[in-house]
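Student: have a look; sequence and predicted model below, questions after that.
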Amino acid sequence: MYPCWTWNAAAAADMLSRFCKVVCGVSPSSTTAMATDDIHDDHKLRSNGLSSPLLSPELLRLHPSVVDFSLNTDNDDAAAVLPCLVFGSEDGYQAFSLDEGCMRDDVVMRLARGRRYVPSPYGGKVFATDMCGRYPCRLIDPFTGEVTPLPDLPIPLSEETPMQVARDEPEPPRFRLSTDDGFAWDWSPRGVMVARGDTAFFCEAGGGEWAPVHRSRHGSPMTINYRAGFFFVLDLGTLRTAVIGSETLDRSTEIDPPPRLCDITWALLVASTDDVLLLVRRRPRNRYCDADGAFFQAYRAPHREQLPDRPIKWEPVTDIGDRAVFMDHAHGFTVRAGEGAMRNCVYRVKAVELKEEERSRRDDAALEVVVSPFSDLRKIKVVEGSDVLRRCKVQPIWGGGYWIMCKHG
């Protein structure tokens, strides 16, 4: 663990209150609310004074901490529960029920420009963070408007202490010129883990600080998935996976990269109860352009009861039993196959172009859900009900679609 600055919400609120009155000439009640502007007017929370979830003691009492949410992920393969697909569109934040094949009308969270929204598949929460200033952030339940405060996003270690470069190489920029900061996150009953740049941080439930817990080897971004007591941190540069215990935050073991690493152009980790899966896309050998972005190969690795000094090896897999995989570009997870979810298949979200007469903007697109069998991941079939999704226009500024297990309805 590295030393981190401790956040004191009450002291910060008092300091800001005095600063606003004396220096700025405004009262805290006139400042912009960081939490309530994510909720539709009918569902906004009421509080006196400053309404930021990161500064207001009132909101800290009104909203539960991360520990109060039960994820129940240890035995989720035992229940055939289908997720919802959530996404931002020109009509606001939307949710598509895969089980019912229709759009839900109970979403109360609204979108704001300059803000990033990334859900976690379990726990029914969306991580929302402003892409400016000190990157204030919070967790939001899109169906109830419930807000859980979090400290501002931490700064990656590479930006505090840049990596050394050769003398003949130009000095790396001190400030990031792009909003693509390699953000990833997931959470456990104990707290939240985020990755920015080359560093993964953890914030204890009810705590007020981010502590570094992992750093990628070559400054590459990472993905984070939680399942059954473990965080799985995949280094996208080396494709090594660190398995970190959620209670101790110590690295339990490590999974070596898959074979023929140089041919892999993209990879996604899928977390499950007793094992993990890795779906990879390889560079074609016959100049065939994979415009659809289908995955070519799948690997499996067990992670329970493994010796910490012996890295785990990936093994090719074409059958995962009575399970179905759901994946987006942030997370991957499994559910038990049943009605609405075929066994040994992968469900993913695909962006499709709209006809010119269907567009209201040049970059308008639509989403659809496609499924592929593990026996041949290049085979693609559009899932029934995707015609409903095609009526919702999406734009790149809102990101793609994400799977989320809804706790309501």
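Tutor: Good, I have the coordinates.
Student: low-confidence bits of the stretch 151-300 of the chain, can you list those?
Tutor: Applying pLDDT under 70 to the stretch 151-300 of the chain flags residues 161-180, 285-294.
Student: please redo it, this time with the cut-off set to 50
Tutor: By pLDDT under 50, the low-scoring segments of the stretch 151-300 of the chain are 172-179, 288-289, 291.
Student: can you show me the helices along it?
Tutor: Applying DSSP state H, counting those that start in this stretch to the stretch 151-300 of the chain gives helices spanning 157-160.
Student: try the stretch 301-409 of the chain
Tutor: In the stretch 301-409 of the chain, the segments counted as helices under DSSP H, counting those that start in this stretch are 386-389.
Student: how about the strands in it?
Tutor: 315-316, 323-327, 332-336, 345-353, 365-373, 381-382, 402-404 (DSSP state E, counting those that start in this stretch).
Student: quick one: closest of the ones you listed to residue 195.
Tutor: Closest approach to residue 195 among the strands of the stretch 301-409 of the chain (C-beta to C-beta): strand 332-336, 15.5 Å. Any C-beta I mention is one placed from the backbone N, CA and C, and that applies to glycine too.
Student: tilt between that closest one and strand 345-353?
Tutor: Here strand 332-336 runs at an angle of 130 degrees relative to strand 345-353 (axes from the mean of the first three to the mean of the last three C-alpha atoms, to 10 degrees).
Student: which elements pack onto strand 332-336?
Tutor: Packing partners of strand 332-336 (3 or more C-beta pairs under 8 Å, 6 or more residues apart in numbering; DSSP states H and E): strand 222-227, strand 264-271, strand 275-282, strand 323-327.
Student: can you rerun that using 10 Å?
Tutor: Strand 332-336 is packed against strand 222-227, strand 264-271, strand 275-282, strand 323-327, strand 345-353, strand 402-404, with contacts defined by 3 or more C-beta pairs under 10 Å, 6 or more residues apart in numbering; DSSP states H and E.
Student: now for the strands of the stretch 301-409 of the chain, which one comes closest to residue 109?
Tutor: strand 402-404 (11.5 Å).
Student: direction included, what does that closest one pair against?
Tutor: If you go by DSSP bridges, strand 402-404 pairs up with strand 84-89 (antiparallel).
Student: which residues touch residue 200?
Tutor: Shown in contact with residue 200 (C-beta atoms under 10 Å, 6 or more residues apart in numbering): 154, 156, 184-185, 193-194, 210, 212-216, 222, 224, 231, 233, 235, 242, 244, 249.
Student: doesn't residue 249 make contact with residue 211?
Tutor: Yes. Assessed by C-beta atoms under 10 Å, residue 211 is found in contact with residue 249 at 8.2 Å.
Student: what about residue 373, how many neighbours?
Tutor: 17 (other C-beta atoms under 10 Å).
Student: give me the pLDDT for it.
Tutor: Note for residue 373: predicted pLDDT of 94.
Student: wait, it sits on residue 345?
Tutor: Yes. Taking C-beta under 10 Å as the definition, residue 373 is a contact partner of residue 345 at 5.4 Å.
Student: now the common contact residues for these two.
Tutor: Any residue near both residue 373 and residue 345 by C-beta under 10 Å, 6+ apart counts here, and that gives 379, 381.
Student: circling back to that earlier point, the contacts of residue 200 in strands, which ones?
Tutor: The strands, defined by DSSP state E, take in 184-185, 193-194, 212-215, 222, 224, 231, 233, 235, 242, 244 from the contacts of residue 200.
Student: of these, closest to residue 115?
Tutor: The shortest approach to residue 115 among the ones in strands among the contacts of residue 200 belongs to residue 185, at 14.8 Å (C-beta to C-beta).
Student: hey, what's residue 212 bridged with?
Tutor: Assessed by DSSP bridges, residue 212 has beta-bridge partners residue 201.
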